[in-house]
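Enquirer: Sequence isn't available, so here's the structure alone:
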């Protein structure tokens, strides 16, 4: 056979459709027998797909990039996993890169172009002006997961943090809690600001006393940063019967600090986290957590991006994903499992 | 100023070196004041770096890709984080993609080419023939993290799983354990095979009885897959005073199953995991774990790759990283913290 082998010649030799050959070569959507036949055909022909050839032939690279603030936070593992699942069905590969500071996010957006990727998903923790400008100048279709300032040109797929905190508070009140502490992340982030607002409104609407001494903010949404914040709260000696962590990592820091001081969870103090990461199921006691729709947001963002790439000009429209409370051992009297 | 603005014109306007301008634009290694000055200069000039322009100007894309088996496993978060840290110092961005089945890993390797990335780091869980062939044909410098079959053309940066399991067993013996159970992952993977070998040899060398009823294998290295495996072990009714999980997620499944059956850790049974993930510190009790050098392996792989990109033809040589035992509450009589 003359010339460079193509996916068409591989499909022909294997006796399958081009779509089937493509799926088989990318490791999904084909039976093991078909996959083996396609791989053999590809090997015999010396077929070798690559981004350049694909881009030249199809006008696409087959790759979608995603910029997340903290790849080590399991909530982003859930989100990227959902995106990857959607992309696989469209035969595209996900590339994840990490950038948290606005300058780094803006630089990463600017760095990606149509020679590398077909589209981009950005999760900005601090959507400052330079990030918004980089988004506007993005050279490929781009979907944002997160909250953008009012008046931003772009729609975004976002969680409803305020409603999420309300679910946590209402659940704790229904379990008998009356003095509910809140350990937040940094309030100069969009999630930190919104979760604090959600806490204040929910406490007010529940008819409970607003007490500023029940609120602390960690320097970061990490376990390590939350430990001193929870210690600070406990050192105040203020009485509380329940605690909400602004994410699961913060809630785990609370479990640790309470354990060190001999306060049993859920016996002496109920605890609820947010994000419903895999950790929440794994912990002992397992952690009640508010699912802010990390998977749903990833899925929606991927769907909008793919629709846009298929030519739907209005596909990238943003959306709000409703939160969901997942009750486990840390906020109830249940025995483990 | 005529023509397309370059990083040199940005540096000139900001009154800094080109290296400083580049670092500032990529969000690291510059003071906030310098970074702000560089960003302003870039904005005023309309400077916009992108992969194409960079590749054309410098013969490099500024991007390194990494293929990991399971982006949700925190051990890969540690590893990719170490790689990212090394690359940042060389002004390169890391793109992480996930592929576990050999066909998908081979396809991902083949898909990356010099128009997209400068180099590649691959972490293959099952280094089958098609993966080895894809590695040989890789169009960019490529470093493997993992164990390749004997006789493979390529060196690899790898952990010493056998020595790691030995550290766990010797520690448990020193704590008084005599009947040590082992919950492995799948034995058709390189880590599963090596960890089982390590367990058998260490038990023998410690002069303990080899008892096949103390060993089970989970269908995957995940928490969910390990729960039924640990239940199977417990249902056998065989006596044991300590347990080694082949990774931390498996050890957490053991903590859960033991808790459900009312066996206290560390009071009734000592538990040790492997990988020393962030979870190990967060758990209550915190988990003793064998650090198999995920960070060190990531750092070494990145160093070898960067040296190769700087022209050192022999840089990609592989290496073996020694394991390290991190003792925490789950294997000692200590109170929390």
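Expert: Received the coordinates, thanks. Keep in mind that what you see is a predicted model, and the values were worked out from it rather than measured. Numbers count the residues shown, from 1 in each chain, chains lettered A, B, ... in the order given.

Enquirer: quick one, helices of the stretch 1-150 of chain A?
Expert: All helices of the stretch 1-150 of chain A, identified by DSSP state H, counting those that start in this stretch, fall at A:7-14, A:18-25, A:32-45, A:51-58, A:74-88, A:102-111, A:129-137.

Enquirer: List the contacts of the fifth one.
Expert: With contact meaning Cβ atoms under 8 Å, 6 or more residues apart in numbering or on different chains, helix A:74-88 is reached by A:26, A:28-29, A:64, A:66, A:68-71, A:93-94, A:96, A:121, A:123, A:145, A:247-248, A:275, A:277-279, A:292, A:294-299, A:301-303, A:306, B:71-72, B:74, B:77, B:98. Every residue, glycine included, has its C-beta placed from N, CA and C.

Enquirer: In chain A, what helix or strand scores lowest on average pLDDT?
Expert: Within chain A, no helix or strand scores below helix A:51-58, which has a mean of 46 by mean pLDDT, DSSP states H and E.

Enquirer: Look up how far chain B lies from residue A:193.
Expert: Per Cβ to the nearest Cβ, to the nearest Å, residue A:193 is found 22 Å from chain B.

Enquirer: Next, the buried residues of the one helix or strand that residue maps to.
Expert: Assigned by DSSP states H and E, residue A:193 falls within helix A:190-205. Within helix A:190-205, the residues that count as buried by 16 or more other Cβ atoms under 10 Å in any protein chain shown are A:190-196, A:198-200, A:202-203.

Enquirer: What is the neighbour count of the residue of the stretch 51-200 of chain A found nearest chain B?
Expert: In the stretch 51-200 of chain A, the residue found nearest to chain B is residue A:104; the distance is 2.7 Å by Cβ to the nearest Cβ. The number of residues packed near residue A:104 is 21, by other Cβ atoms under 10 Å in any protein chain shown.

Enquirer: same check, this time on residue A:263
Expert: For residue A:263, using other Cβ under 10 Å, the count is 15.

Enquirer: and it, that's in a strand?
Expert: No - according to DSSP: H, G, I helix; E, B strand; the rest coil, residue A:263 belongs to no strand; its state is coil.

Enquirer: Chain neighbours aside, what residue packs nearest to it?
Expert: residue A:269 (5.4 Å; Cβ to Cβ, 6 or more residues apart in numbering or on different chains).

Enquirer: swap in residue A:285?
Expert: residue A:329 (3.6 Å).

Enquirer: Distance check, that neighbour against residue A:255.
Expert: Counting by Cβ to Cβ, to the nearest Å, the gap from residue A:329 to residue A:255 is 11 Å.

Enquirer: Can you pull the residues that touch both of the two?
Expert: Contacts common to residue A:329 and residue A:255, judged by Cβ under 8 Å, 6+ apart, are A:285, A:287.

Enquirer: Run through the stretch 51-200 of chain A and note the low-pLDDT ranges.
Expert: A:51-59 (pLDDT under 70).

Enquirer: Can you tell me which residues in it are near chain B?
Expert: For the stretch 51-200 of chain A, the residues in contact with chain B (Cβ under 8 Å from any Cβ of the partner chain) are A:51-52, A:54-55, A:61-63, A:65, A:71-72, A:74, A:77-78, A:80-81, A:84, A:93-99, A:101, A:103-105, A:107-108, A:110-113, A:115-116, A:130, A:133, A:137, A:139.

Enquirer: Now do stretch A:251-261: distance to the chain's middle.
Expert: 25 Å (Cα atoms, centre = their mean, to the nearest Å).

Enquirer: no, scratch that, I was asking about stretch A:226-241
Expert: 28 Å.

Enquirer: and if you look at stretch A:258-272?
Expert: 28 Å.

Enquirer: Check which residues of that stretch are buried.
Expert: Neighbour count says stretch A:258-272 has A:258-260, A:265-266, A:269-272 buried, by 16+ other Cβ under 10 Å.

Enquirer: quick one: average pLDDT of that stretch?
Expert: Stretch A:258-272 carries an average pLDDT of 95.

Enquirer: Neighbours of the residue nearest to residue A:318 when sequence neighbours are not counted, how many?
Expert: Sequence neighbours aside, residue A:155 is the residue nearest to residue A:318 in space, at 2.6 Å (criterion: Cβ to Cβ, 6+ apart). Close neighbours of residue A:155, defined as other Cβ under 10 Å, add up to 15.

Enquirer: so residue A:155 touches residue A:317, yeah?
Expert: Yes - Residue A:155 is within contact range of residue A:317, at 5.0 Å (criterion: Cβ atoms under 8 Å).

Enquirer: name the element residue A:219 belongs to?
Expert: With DSSP H and E as criterion, residue A:219 is part of no helix or strand.

Enquirer: so what's it up against?
Expert: Counted by Cβ under 8 Å, 6+ apart, residue A:219 has contacts A:186, A:225, A:229.

Enquirer: is it fair to say the second one lies in a helix?
Expert: Yes - counting by three-state DSSP, residue A:225 falls inside a helix.

Enquirer: Next up, the contacts around it.
Expert: In this structure, residue A:225 makes contact with A:185, A:218-219, judged by Cβ under 8 Å, 6+ apart.

Enquirer: Need the pLDDT of it.
Expert: 96.

Enquirer: Next one: it from residue A:123, what distance?
Expert: From residue A:225 over to residue A:123 the distance is 19 Å, taken as Cβ to Cβ.

Enquirer: again with the last one
Expert: As for residue A:229, its distance to residue A:123 is 24 Å (criterion: Cβ to Cβ).

Enquirer: Compare those two (neighbour count), which wins?
Expert: Neighbours were counted for residue A:229 and for residue A:123 using other Cβ under 10 Å; residue A:123 has more, 26 against 22.

Enquirer: hmm, who's touching stretch A:297-316?
Expert: Contacts for stretch A:297-316 (Cβ under 8 Å, 6+ apart): A:60, A:64, A:78-83, A:85-87, A:90, A:92, A:118-121, A:141-143, A:145, A:154-155, A:157-159, A:317-319, A:321.

Enquirer: Buried ones only from the residues you listed, please, as a ChimeraX command.
Expert: Buried residues among the contacts of stretch A:297-316 (16+ other Cβ under 10 Å), as a ChimeraX selection:
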select /A:60,64,78,79,80,81,82,83,86,87,92,118,119,120,121,141,142,143,145,154,157,158,159,318,319,321
